[in-house]
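A.B. asks: what would the 3D arrangement of this be:
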Amino acid sequence: MQPFRFAVQATSATSAKEWNDTARSAQDLGYSTLLLADHYLGPGRAQRAARWPPQDLAPLTAMTMAAARTETLRVGCRVFCVDYHVPSVLAKEAATLDLLSDGRLEFGIGAGWSEPEYRAMGLNFALPGRRVDKLREVIALVKSQWSGAPLELRGEHVTAIDHAGLPLPVQRPRPPIMIGGSGRRVLSLAAREADIVSIANVPFEERDDAGRTPAQEAAHRYDVVRRAAGGRLGELEIESSPFFARITADTASAAERVARTVGMSPDGVLDHPNVLIGDTNAVIDRLHERRERFGANYITVQQRQAADFAPVVAHLTGH
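C.D. replies: Here you go, the predicted structure:
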């Protein structure tokens with residue numbers, strides 16, 4: 001099993017000082033990585049339809065600023081959407097950031113999922129198969145462009161010909177790639193091609209259409225990864241994000257509040273893979289259990305929860 005490490009996902013700041021303080025705090029609290037999100041909708045009807053919080057910051061610029069204000073903190077995005085960026089441009093921007101941060105980039109990429117956001121930005125939301133096909137071609141482009149070899153890629157979705165990529169990233173053979181998703185095809189692709197597999201957030205419902213509880217769904221996704229990875233499994237990190245993390249001695253009250261928010265039972269909430277509620281020792285025990293059940297060693301907490309969660313980080317990483 002991979003050792004535990006932790007990230008903060010942050011998208012909010014109203015000034016340069018506030019963002020710089022967020023990055024410095026994440027580093028000082030012992031977090032490995034500061035992650036952004038590749039979403040663009042401000043308040044309005046489209047944002048409400050997407051059911052995703054408004055995003056203050058665009059990822060690449062914010063990642064660059066965070067890297068410039070820290071020394072050891074890694075920076076990344078959970079995860080870039082293939083349809084929101086010109087692939088060759090994104091690959092060059094990412095390589096530049098790895099170079100200028102002295103090798104602190106983690107490159108996350110996914111096939112996209114928010115149809116309301118696509119529609120609001122005037123983008124075509126293709127069928128899942130075509131989006132995963134494009135993701136596969138983009139990953140091939142990124143790896144080729146970062147290698148420095150001449151590019152001769154002529155795909156259905158991606159073309160890169162008659163040149164080599166510059167700059168070369170500092171991390172060799174390349175920066176770690178995180179691929180995020182929930183379906184069998186994208187998780188299998190991630191198992192074969194990624195260094196970090198992000199098992200996307202599991203829906204907040206007692207049972208899904210397949211009759212699985214959220215914990216069973218997370219275990220099912222990990223099983224897909226395990227089968228597709230084969231001998232690579234021991235090299236992979238599995239990333240999971242507890243959207244609700246509460247360090248508290250009053251577990252029952254905290255679970256009831258989250259349950260009212262998401263429309264689940266308190267017991268269902270406590271076992272949900274994207275929820276961590278309890279005192280420090282209980283949360284540590286649950287993280288060990290979840291690493292056993294579905295491989296999750298790389299844990300991302302939300303910006304507002306980073307300080308309260310820091311004792312867990314310190315215990316499990318020695319920082």
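A.B. asks: so which residues of this protein form strands?
C.D. replies: 5-9, 33-36, 74-77, 80-81, 105-110, 150-154, 159-164, 177-181, 196-199, 237-240, 244-247, 275-278, 296-302 (DSSP state E).
A.B. asks: quick one: contacts of the fifth one?
C.D. replies: Put plainly, it is strand 105-110. 33, 35, 63, 74-82, 94, 97-98, 135, 138-139, 142, 169, 171, 175-181, 186, 196, 198, 200 (Cβ atoms under 8 Å, 6 or more residues apart in numbering). Every C-beta, even on glycine, is put in place using the N, C-alpha and C of the backbone.
A.B. asks: report the buried members of those residues.
C.D. replies: Buried members of the contacts of strand 105-110, counted by 16 or more other Cβ atoms under 10 Å: 33, 35, 63, 74-82, 94, 97-98, 135, 138-139, 142, 169, 171, 175, 177-181, 186, 196, 198, 200.
A.B. asks: how about the most centrally placed residue in the chain: what's its closest non-neighbour residue?
C.D. replies: Centroid check for the chain by Cα atoms, centre = their mean gives R78 as the closest residue, at 3.1 Å. Nearest residue to R78 in three dimensions, chain neighbours excluded: L35, at 4.4 Å (Cβ to Cβ, 6 or more residues apart in numbering).
A.B. asks: wait, what's in contact with the one you found?
C.D. replies: A7, V8, Q9, A10, V75, G76, C77, R78, E106, G108, T300.
A.B. asks: the fourth one against L34, yeah?
C.D. replies: Yes: look at A10 against L34 with Cβ atoms under 8 Å: they come within range, at 6.1 Å.
A.B. asks: which one's more surrounded, those two?
C.D. replies: Per other Cβ atoms under 10 Å, whichever of A10 and L34 has more neighbours is L34, with 28 against 24.
A.B. asks: what sits against that one?
C.D. replies: So, once contact is read as Cβ under 8 Å, 6+ apart, L34 ends up touching 7-8, 10, 22-23, 26-27, 63, 66, 70, 73-76.
A.B. asks: same check, this time on D209
C.D. replies: Neighbour list for D209: empty [criterion: Cβ under 8 Å, 6+ apart].
A.B. asks: for this protein, identify the residue most remote from the centre.
C.D. replies: Outermost in the chain, Cα atoms, centre = their mean: D162 at 32.8 Å.
A.B. asks: can you pull the pLDDT of it?
C.D. replies: D162 is assigned 95 on the pLDDT scale.
A.B. asks: so what's the residue nearest to R78 bridging to?
C.D. replies: For L35, the beta-bridge partners are Q9, G76 (DSSP bridges).
A.B. asks: isn't the residue farthest from the centre of the chain right up against L151?
C.D. replies: Yes: judged on Cβ under 8 Å, D162 makes contact with L151 at a distance of 7.4 Å.
A.B. asks: how about stretch 14-31: buried residues?
C.D. replies: Buried positions in stretch 14-31, judged by neighbour count with 16+ other Cβ under 10 Å: W19, N20, T22, A23, S25, A26, Q27, L29, G30, Y31.
A.B. asks: I appreciate the help and will end here.
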